[in-house]
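In: sharing a sequence plus its predicted fold:
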Amino acid sequence: MIIIPGFIIGLLTFPGVIVHEAAHMFFCKLRRVAVLDMCFFRIGNPAGYIVHEEIGDFNSAFLVCVGPLFINSLLCVAICFPAFMPLRVFHVEHPLSYFLLWLGVSIGMHAFPSTHDARNLFQHAKKGARSLNPLAILSFPLVAAIMLANVLRIFWLDCFYGIALGVGLPDLIFRSF
């Protein structure tokens with residue numbers, strides 16, 4: 001297992017950090033949650049952050065906490081899929097394709113919400129479950145999966161996730177043709 005300091009990974013995959021924080025901010029704005037402070041990228045821990053007001057309802061908390069999982073995953077596929085096509089289908093190696101694959105995979109690597117996000121979601125889910133909100137009840141396994149994914153980052157799960165979405169999924173699709 002290769003140990004690389006987090007700030008180096010952050011530097012190498014900075015677009016993913018920026019998109020992750022932008023996704024949090026997007027859902028804050030969408031749900032009218034005031035953003036109090038923000039940093040899209042910095043060298044340090046955390047590499048980026050969004051500080052927002054206390055969220056009152058579960059649905060808003062769910063979107064703000066889990067938003068990067070949706071946005072980063074979709075962007076990873078959307079960027080890598082057309083970049084992978086010239087390489088796999090036409091066997092044309094172009095620097096732009098490799099750049100787009102790096103960009104997409106780096107965005108996909110930062111899809112997982114942080115443990116802080118998972119804890120916030122868990123607190124809101126407990127409140128939402130009391131009022132029998134079905135999404136709140138279904139979010140408990142998601143919180144556990146996010147926590148596990150964050151633990152498994154030391155084994156490069158986030159990198160494997162980005163590669164699986166950005167390279168593995170297009171390869172799987174193009175193999176069927």
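Out: That came through, no problem.

In: all helices for the protein, in order.
Out: In the chain, the segments counted as helices under DSSP state H are 6-12, 14-30, 58-88, 95-109, 115-130, 134-151, 157-163, 169-175.

In: and the longest one, how far out from the chain middle?
Out: So that's helix 58-88. Average the C-alpha atoms of helix 58-88, do the same for its chain, and the two points are 7 Å apart (C-alpha atoms, centre = their mean, to the nearest Å).

In: again, but for the second one
Out: Taking C-alpha atoms, centre = their mean, the mean C-alpha location of helix 14-30 is offset from the chain mean by 9 Å.

In: same question, the last one
Out: When C-alpha coordinates are averaged (C-alpha atoms, centre = their mean), helix 169-175 and its chain have centres 21 Å apart.

In: and for the fourth one?
Out: Relative to the mean C-alpha coordinate of its chain, helix 95-109 is positioned 15 Å out (C-alpha atoms, centre = their mean).

In: ok so, going back, the helices of the chain into TSV, with extra columns for mean pLDDT?
Out: Formatted as TSV, the helices of the chain follow (pLDDT from 0 to 100):
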stretch	mean pLDDT
helix 6-12	85
helix 14-30	98
helix 58-88	95
helix 95-109	97
helix 115-130	96
helix 134-151	96
helix 157-163	97
helix 169-175	88
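
In: could you dump those to JSON lines with distance to Gly48 and mean neighbour count?
Out: The way it works is simple: take the backbone N, C-alpha and C, and place the C-beta from them, glycine included. Below are the helices of the chain laid out as JSON lines (distance: least, C-beta to C-beta, whole Å; neighbours: other C-beta atoms under 10 Å):
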{"stretch": "helix 6-12", "distance to Gly48": "8", "mean neighbour count": "15"}
{"stretch": "helix 14-30", "distance to Gly48": "4", "mean neighbour count": "21"}
{"stretch": "helix 58-88", "distance to Gly48": "10", "mean neighbour count": "20"}
{"stretch": "helix 95-109", "distance to Gly48": "13", "mean neighbour count": "20"}
{"stretch": "helix 115-130", "distance to Gly48": "12", "mean neighbour count": "18"}
{"stretch": "helix 134-151", "distance to Gly48": "16", "mean neighbour count": "16"}
{"stretch": "helix 157-163", "distance to Gly48": "15", "mean neighbour count": "20"}
{"stretch": "helix 169-175", "distance to Gly48": "26", "mean neighbour count": "14"}
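
In: want to try JSON lines for those, with distance to Gly44 as columns?
Out: Shown next, in JSON lines, are the helices of the chain (distance: least, C-beta to C-beta, whole Å):
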{"stretch": "helix 6-12", "distance to Gly44": "7"}
{"stretch": "helix 14-30", "distance to Gly44": "11"}
{"stretch": "helix 58-88", "distance to Gly44": "19"}
{"stretch": "helix 95-109", "distance to Gly44": "18"}
{"stretch": "helix 115-130", "distance to Gly44": "15"}
{"stretch": "helix 134-151", "distance to Gly44": "18"}
{"stretch": "helix 157-163", "distance to Gly44": "18"}
{"stretch": "helix 169-175", "distance to Gly44": "32"}
